[in-house]
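Engineer: Structure, please.
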Amino acid sequence: MRKGFTLVELLGVIVILGLIAMIAIPTINSALNSSREKAYDEQVRTIVEASRTYMSKNSLKLPSQTEGNNCCLSVATIQKSGLLTSDDIKNPKYQKDSEEEEKKYENFNGSVIITFTNNKYKYEYANTTCTNEC
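Structural biologist: Okay, the predicted model is just below:
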């Protein structure tokens, strides 16, 4: 009697492993993309909260309370004030050589746009540089 596997048995195992890979890889990719998206959103929330803290300490820099007035606060300014660490500005979506705006940069280097609307200040992160610095 011979010891070992036949060609048919080996091909069967390879086909089964291929099927498992076809099912598992898309699931794993979607889980990774979902976790990157959640991490990105959390980083943006951290930056916005840090900008709220910065502006509460520097309230004279807020835009005037006229509907639609705005100014922007760069991430670099918030980081220089000590409210953000280098870990807070890492972009989890970063992909080398990407042309998409959200994936282009290793660190967040945009700004938080502060707008006075509906009798309150609204804070939004944007991937743009400041033109109307607070």
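
Engineer: Which residue ranges of this protein form strands?
Structural biologist: For the chain, applying DSSP state E gives strands covering 70-74, 111-117, 120-126.

Engineer: Figure out which of those is closest to Glu133.
Structural biologist: Across the strands of the chain, Glu133 has its closest neighbour in strand 70-74 (6.4 Å, CB to CB). For the C-beta atoms, the positions are set from N, CA and C on the backbone; glycine is no exception.

Engineer: In this structure, which residue is most central in space?
Structural biologist: Residue closest to the mean C-alpha point of the chain, counted by CA atoms, centre = their mean, is Tyr40 at 2.4 Å.

Engineer: can you list the weak-confidence ranges in this protein?
Structural biologist: Where the chain drops to pLDDT under 70, the residues are 1.

Engineer: if I pick the residue nearest to Asn132 when sequence neighbours are not counted, what's in contact with it?
Structural biologist: Excluding the flanking residues, the one nearest Asn132 by CB to CB, 6 or more residues apart in numbering is Cys71, at 5.0 Å. By CB atoms under 8 Å, 6 or more residues apart in numbering, the residues touching Cys71 are 61-63, 113-114, 132-134.

Engineer: Of those, which is the most crowded?
Structural biologist: Neighbour counts for the contacts of Cys71, by other CB atoms under 10 Å, peak at Ile114, which reaches 23 neighbours.

Engineer: one step back: for the residue nearest to Asn132, give the beta-bridge partners.
Structural biologist: Ile114 (DSSP bridges).

Engineer: where's it relative to Ala31, distance?
Structural biologist: Relative to Ala31, Cys71 is positioned 39 Å away (CB to CB, to the nearest Å).

Engineer: how much space between the nearest residue to Leu83 once chain neighbours are set aside and Gly110?
Structural biologist: Spatially, and ignoring its direct neighbours in sequence, Leu83 is nearest to Ala50 (4.1 Å; CB to CB, 6+ apart). Ala50 sits 13 Å away from Gly110, going by CB to CB.
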